[in-house]
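J.: Any chance you can model this:
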Amino acid sequence: MTTRIDARFAELKHQGRAAFITFLMAGDPDPATSLDIIKALPKAGADIIEIGMPFTDPMADGPAIQAAGLRALQAGMTLKKTLDLVRSFRRQEALTPLVLMGYYNPIYIYGVDRFLADAKSAGVDGLIIVDLPPEEDTELCLPAMRAGLNFIRLATPTTDDNRLPAVLANTSGFVYYVSITGITGSASADAARAGEAVARIKRHTQLPVCVGFGIRTPQAARAIAEHADGAVVGTALVEALRDSLDAAGRATGKTVGAVADLVAGLAEGVRGAKQAAE
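T.: Modelled structure (predicted):
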């Protein structure tokens with residue numbers, strides 16, 4: 001079964017360019033503004049959209065994304081409302097793939113079968129669950145694949161050739177290579193080193209390999225896109241959103257534009273990349 005993610009990568013391969021993938025937290029700074037921002041992303045240049053599911057204990061996230069999750073939770077965001085946001089987005093945008101990213105606990109509490117059915121009907125295409133290793137595939141990964149959702153796995157600089165086959169066994173959609181060790185937003189990506197890692201992972205899989213963590217500027221996005229099938233930007237977008245808020249942390253007239261403008265610049269960087277010969 002071909003998902004929107006599979007179709008988008010096939011289309012981009014035909015165009016000879018990498019994907020630009022954005023990450024923002026659902027409900028940040030409030031549900032209505034969050035929906036307006038996400039609606040603006042495809043036109044601004046996002047090829048695939050990752051949406052964070054707010055959680056109280058986001059262990060892999062740096063301060064900026066932790067704060068975004070807290071703003072969303074304080075604004076009343078829930079997993080159900082995150083799915084409602086996807087449903088609202090889908091009313092006007094049928095083609096752009098959407099990936100939910102986060103932690104297993106909220107899904108477990110929601111109920112796995114109910115969550116997968118609701119996510120699929122809302123228009124979700126894939127999941128990235130950062131705290132479920134391959135050893136736990138029966139919990140969510142295999143049921144998600146049966147439900148027609150891509151289950152996207154993270155590989156890191158510490159994922160060696162012995163570990164990679166387990167990581168890739170039930171992965172679909174794309175592989176997300178985390179270019180730095182540590183939490184989000186803590187360092188800058190090294191394009192050459194990331195390129196070596198992408199090449200190594202590609203020896204084990206036919207899937208697209210996308211690189212995230214540490215990409216903040218159009219120049220950095222372009223450098224990564226020359227080595228990978230996609231560049232993922234999250235912290236920089238979350239910080240642009242945060243910097244547009246008023247003193248009380250509420251959205252202003254600048255909030256949607258601040259994110260969309262940065263997305264447009266980063267997308268231009270990705271589109272300017274010369275793809276390495278396969």
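J.: so Phe20, which of the three states?
T.: Taking DSSP: H, G, I helix; E, B strand; the rest coil as the rule, one finds Phe20 in the strand state.
J.: does it really touch Leu266, like I thought?
T.: Yes. Counting by C-beta atoms under 8 Å, Phe20 touches Leu266, with 6.3 Å between them. All C-beta atoms are positioned from the backbone trio N, CA, C, and that covers glycine.
J.: which neighbours do the two share?
T.: 45, 221, 231, 233 (C-beta atoms under 8 Å, 6 or more residues apart in numbering).
J.: So Ile201 sits against Tyr176, correct?
T.: No. Between Ile201 and Tyr176 there is no contact under C-beta under 8 Å: 10.3 Å.
J.: more neighbours, these two?
T.: The residue with more neighbours, out of Ile201 and Tyr176, is Tyr176; 25 against 20, by other C-beta atoms under 10 Å.
J.: Could you give the bridge partners of that one?
T.: Tyr176 has these beta-bridge partners by DSSP bridges: Leu154, Cys210.
J.: can you tell me the helix or strand for the residue nearest to the spatial centre of the chain?
T.: The chain has Glu50 as the residue nearest its centroid, 3.2 Å off, counting by C-alpha atoms, centre = their mean. Per DSSP states H and E: Glu50 is located in strand 48-52.
J.: Give the next helix or strand downstream of that strand.
T.: As assigned by DSSP H and E, the chain's next helix or strand after strand 48-52 is helix 63-74.
J.: Please name the residues that touch the residue lying farthest from the centre of the chain.
T.: Largest separation from the mean C-alpha position in the chain: Ala247, at 28.3 Å (C-alpha atoms, centre = their mean). Contact analysis of Ala247 by C-beta under 8 Å, 6+ apart lists nothing.
J.: so it sits in a helix?
T.: No. Looking at Ala247 with three-state DSSP, it is coil, so not inside a helix.
J.: what about Asp246, distance to Ala10?
T.: Distance of Asp246 to Ala10, given as C-beta to C-beta, to the nearest Å: 43 Å.
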